[in-house]
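Participant: Turn this into a model:
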Amino acid sequence: MIVLTFDESENYLAPNRVFTVLLGNAIPSDQVGTTDSTRYNHYSLTKTVEDNWALGNLGENDVDAVAFF
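Facilitator: Residues are numbered from 1 along each chain as shown. Okay, the predicted model is just below:
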């Protein structure tokens with residue numbers, strides 16, 4: 001899986017939206033070409049990797065994070 005992320009804001013006081021694209025065969029075929037308005041956080045990538053490859057969790061903020069798919 002390749003993850004490309006773009007953070008558009010240079011102002012930490014303004015609301016921020018982060019654009020992320022997931023590429024590779026780890027992406028479920030029914031999710032290819034879709035968009036998602038779910039709110040994710042920095043731990044969502046960690047949670048996604050943990051879930052995809054059955055790695056368990058770190059026992060920190062990744063436990064309650066929302067995975068990308």
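
Participant: quick one: buried residues of stretch 22-37?
Facilitator: By neighbour count on 16 or more other C-beta atoms under 10 Å, the buried set for stretch 22-37 is Leu22, Ile27. Heads up, the C-betas are built off the backbone N, CA and C, glycines and all.

Participant: start to end distance for it?
Facilitator: When the termini of stretch 22-37 are compared using C-alpha to C-alpha, to the nearest Å, they are 15 Å apart.

Participant: cool, stretch 56-67 as well?
Facilitator: Stretch 56-67 end-to-end distance (C-alpha to C-alpha) = 13 Å.

Participant: could you pull out the helices for the chain?
Facilitator: For the chain, applying DSSP state H gives helices covering 43-52.

Participant: Which stretches in it count as strands?
Facilitator: Assigned by DSSP state E, the strands in the chain fall at 2-7, 18-23.

Participant: Perfect, I'm done here.
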